[in-house]
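Sequence and predicted structure below; questions after.
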Amino acid sequence: MTFDPRQGSGSLPIILEDDLPVIEEFATTDTPPGGVLEREIRLAELLDMKAFREVCASFVDLYKIGIKIFDRDGTKLVDIRVGNGDWCGYIFAHPTGRHECTGLVTKIKQFNYPGLEQGEVVEQHCFSGLKYVIMPITYGGDLLGRVIYGPFLPGDLRSPGEEVTKWADFDPQRLWSYGDKIRRAPDEMVIKILTNFRGVVDTITFVAMKALMTSQLHVESITASYNELSQANRRLRESFEKLQELDRLKSNFLAMISHELRTPLTSVIGYSEMLVEGMAGPINEEQRQFLGTIKEKGESLLELIGSLLDMSKIEAGAMDVHPSELHVPELLEAAKTYIVPQAAKKQVRLVVECEPGLPQLMADRDKVKQSLINLLGNAVKFTPQQGTIRIGARLFVGPRRKNAAAGRFGAPDERFVRFDVSDTGIGIPADKLERVFQSFYQVDNSITREYGGTGLGLAIVKRFVEAHQGEIWVESHEGRGTTFSLLFPLEKPRTGDVVEAPRF
């Protein structure tokens, strides 16, 4: 208990009793599944208790009559007493008085007075002669709490209640002498005071309820949206996990089938070569042509199977980089030699242009060579008869085209070996340049397309280049030709680096 320094014109002390632990119990009440419109709102949730106590204290200070406010379940929210301390203290000191006083307090806190829930004001007489008036606090027909106004001396009371005169060892006259400190008020005045107080409480409750409803409905709206997003994310996660499993099964299937096909296909190619060479007896020219076709198609199929195996390894994260010192001119000649037979059939001219004095390149020989072979094969495929294909290498010093580490002063310069493979072929439409590196993508994907292939060659080249921390891009003009450019950094890549290939 604390004494409030705000005193009225009289000498009556105003006593404030705060039940903060009880109030805080309801400060974070969660909204039940039914929603804010379907649950019971506690008075403690609505009110700013510190400000509300100040409002109550101002009424007590003005009229010198105490106020107690209880929540619907009997939780005390406000207790401001004035003047009745000696009167009630003397009664409570007597055993019978203590028993009767405790019973009255319990009744006031818990008893459901007839008419209270309908908004009616109820009078409650104390056995000692004092009087209380109980006023409900309602909103929308629901009882939120109650105001206990009093005690005060009724205007017509001239002596203590008859019951206290029957107690042994109790002095009614002494009790009556303490009545000078208690406000005497006729019923009409008390009703007017409570009418004013009810107007204030109703206004505070209405504003607080509106604010609570608005905030709670907003929270419920956000919660419902969050729940919908959570469910959508869960479904997406489940779908993604299923796709990952299907992707893993697909990669395993491709690897298994490719491996199983490779062995018998190698035998087919080998036996067709032996037949062409006459190891099984003489053959005529027509038979030689048929066997040559078998060998050629078999080699094409073997190349396709090799591409599938490479992509399966990349997707499984099993493609390692084993760098060694590479002499760039020799690498260009090796790639050119591999593609010469295909170019000769179409009378396509191959031109090698290598800048003299290039430093040794630290890279995986097989993967760099395979990248150049794939680009040359792609160029031969899309270059018409008697066209020209150029493969070149030169030192390049400058920034990367796509550099995520570029700061305020731009991307830093680096040293690369730059390979360029250009042709005089049909070109690539501008809107499809960024998609040519996707797995299984064909610029012409119709069933009647003129040019064959699986769409894996460029995808594999991109993975190989990126495994060396390099870059690849393409520039093209329809009807005039295409140029693929590769940057391989001259710094030595780490041994055992794994190709990080996106799933397809």
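Yep, that arrived.

elements contacting the helix ranked longest in the chain?
Counting by DSSP state H, the longest helix found in the chain is helix 187-276. Here helix 187-276 touches helix 43-46, helix 49-63, strand 131-139, strand 142-154, helix 285-315, going by 3 or more C-beta pairs under 8 Å, 6 or more residues apart in numbering; DSSP states H and E. Glycine gets a C-beta too; all of them are placed from N, C-alpha and C.

give me that answer again for 6 Å
helix 43-46, strand 131-139, helix 285-315 (3 or more C-beta pairs under 6 Å, 6 or more residues apart in numbering; DSSP states H and E).

Off-centre distance for the first one?
When you say that, I think you mean helix 43-46. 33 Å (C-alpha atoms, centre = their mean, to the nearest Å).

The second one too?
Relative to its parent chain, strand 131-139 has a centroid offset of 49 Å by C-alpha atoms, centre = their mean.

Equivalent analysis for the longest one, please.
Between the centre of helix 285-315 and the centre of its chain there are 49 Å (C-alpha atoms, centre = their mean).

Could you look up the next helix or strand downstream of that helix?
strand 324-326 (DSSP states H and E).

Show me the domain layout of this protein.
Using automatic domain parsing, the domains assigned to the chain come out as 2-185, 320-402+410-489.

and these, which one is worst for confidence?
Of all the domains of the chain, domain 2-185 carries the lowest average pLDDT, namely a mean of 77.

tell me the contacts of residue 263?
Listed by C-beta atoms under 6 Å, 6 or more residues apart in numbering, residue 263 has no contact partners.

about what we covered before: could I get the helices and strands packed on helix 187-276 in TSV, plus columns for mean neighbour count and distance to residue 269?
Formatted as TSV, the helices and strands packed on helix 187-276 follow (neighbours: other C-beta atoms under 10 Å; distance: least, C-beta to C-beta, whole Å):
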stretch	mean neighbour count	distance to residue 269
helix 43-46	22	83
strand 131-139	20	90
helix 285-315	16	4
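
Tell me which of the ones you listed lies nearest to residue 394.
helix 285-315 (27.6 Å; C-beta to C-beta).

chain center to the longest helix of the chain, what's the gap?
That offset, for helix 187-276, works out to 8 Å (C-alpha atoms, centre = their mean).

tell me the angle that helix makes with strand 142-154.
160 degrees (axes from the mean of the first three to the mean of the last three C-alpha atoms, to 10 degrees).

State the mean pLDDT of helix 187-276.
84.

Distance to residue 488 added to the helices and strands packed on helix 187-276, as JSON lines?
What follows is those, written out as JSON lines (distance: least, C-beta to C-beta, whole Å):
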{"stretch": "helix 43-46", "distance to residue 488": "68"}
{"stretch": "strand 131-139", "distance to residue 488": "76"}
{"stretch": "helix 285-315", "distance to residue 488": "18"}
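
between those, which has the poorest average model confidence?
Across those, helix 285-315 gives the lowest mean pLDDT, at a mean of 77.

need the helices for the stretch 301-450 of the chain, in chain order.
In the stretch 301-450 of the chain, the helices defined using DSSP state H, counting those that start in this stretch lie at 328-345, 365-382.

returning to what we had before: will you turn the domains of the chain into TSV that also has distance to residue 286?
As requested, the domains of the chain are arranged in TSV below (distance: least, C-beta to C-beta, whole Å):
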stretch	distance to residue 286
domain 2-185	83
domain 320-402+410-489	20
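
Residue 233: which of those domains is closest?
Nearest of these (C-beta to C-beta): domain 2-185, 21.0 Å.

Distance from the chain centre to the closest one, please.
That offset, for domain 2-185, works out to 50 Å (C-alpha atoms, centre = their mean).

Could you report the neighbour count for residue 171?
14 (other C-beta atoms under 10 Å).

OK, contacts around it?
Contact analysis of residue 171 by C-beta under 6 Å, 6+ apart lists nothing.

going forward can the numbers begin at 471, since that is how I track them
Let's use 471 as the start, then, which means that last one is residue 641.

Against residue 623, how distant is it?
From residue 641 across to residue 623, the span is 18 Å (C-beta to C-beta, to the nearest Å).

Equivalent analysis for residue 900, please.
Residue 900 is 98 Å from residue 623, by C-beta to C-beta.

more crowded one of the two?
More crowded of residue 900 and residue 623, by other C-beta under 10 Å: residue 623, with 22 against 10.

What does the residue nearest to that one when sequence neighbours are not counted show for phi and psi?
Distances taken as C-beta to C-beta, 6 or more residues apart in numbering put residue 654 closest to residue 623, at 4.1 Å, once the chain neighbours are dropped. Per-residue torsions, residue 654: phi -100, psi 130 (degrees, to the nearest 10).

do residue 883 as well
With angles defined as degrees, to the nearest 10, residue 883 sits at phi -80, psi 140.

Now do the contacts for it.
Contacts of residue 883 (C-beta under 6 Å, 6+ apart): 867, 868, 869.

switch the cut-off to 10 Å
By C-beta atoms under 10 Å, 6 or more residues apart in numbering, the contact list for residue 883 reads 866, 867, 868, 869, 870.

the inter-axis angle of the longest helix of the chain versus helix 519-533?
170 degrees.

quick revisit: ranking the helices of the stretch 771-920 of the chain by burial, who's on top?
helix 835-852 (a mean of 22; mean count of other C-beta atoms under 10 Å).

Dump that one to CSV, keeping only the CA atoms.
Taking C-alpha atoms only, helix 835-852 is exported to CSV below (Å, rounded to 0.1, in the frame of the first residue of the first chain):
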residue,chain,number,x,y,z
ARG,A,835,44.1,-31.1,-70.0
ASP,A,836,41.2,-33.5,-70.8
LYS,A,837,38.5,-31.1,-69.9
VAL,A,838,40.0,-28.1,-71.7
LYS,A,839,40.6,-30.2,-74.8
GLN,A,840,37.1,-31.7,-74.6
SER,A,841,35.6,-28.1,-74.3
LEU,A,842,37.4,-27.0,-77.5
ILE,A,843,36.4,-30.2,-79.3
ASN,A,844,32.8,-29.7,-78.3
LEU,A,845,32.8,-26.1,-79.6
LEU,A,846,34.5,-27.1,-82.8
GLY,A,847,32.1,-30.0,-83.4
ASN,A,848,29.2,-27.6,-82.8
ALA,A,849,30.7,-25.1,-85.3
VAL,A,850,31.1,-27.8,-87.9
LYS,A,851,27.5,-28.9,-87.5
PHE,A,852,26.1,-25.5,-88.1
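
between that helix and helix 798-815, how many degrees?
30 degrees.

rewinding a little: of all the helices of the stretch 771-920 of the chain, which one is nearest residue 667?
helix 835-852 (87.5 Å).

Show me how far the closest one is from its chain's centre.
Helix 835-852 sits 44 Å away from the centroid of its parent chain (C-alpha atoms, centre = their mean).

Check stretch 804-811 too.
That offset, for stretch 804-811, works out to 53 Å (C-alpha atoms, centre = their mean).

For stretch 651-662, give me every contacting residue.
Stretch 651-662 has contacts (C-beta under 10 Å, 6+ apart) with 480-483, 530, 533-536, 552-558, 591, 593, 600-603, 605, 619-627, 663.

6 Å - rerun?
By C-beta under 6 Å, 6+ apart, the list of residues contacting stretch 651-662 reads 482, 534, 535, 553, 554, 603, 622, 623, 625.

mind listing what's buried in that stretch?
Applying a neighbour-count criterion of 16 or more other C-beta atoms under 10 Å, one finds 651, 652, 653, 655, 660 buried in stretch 651-662.

So what would you say the end-to-end distance of it is?
End-to-end distance for stretch 651-662: 22 Å, by C-alpha to C-alpha, to the nearest Å.

Kind regards, and thank you for your time.
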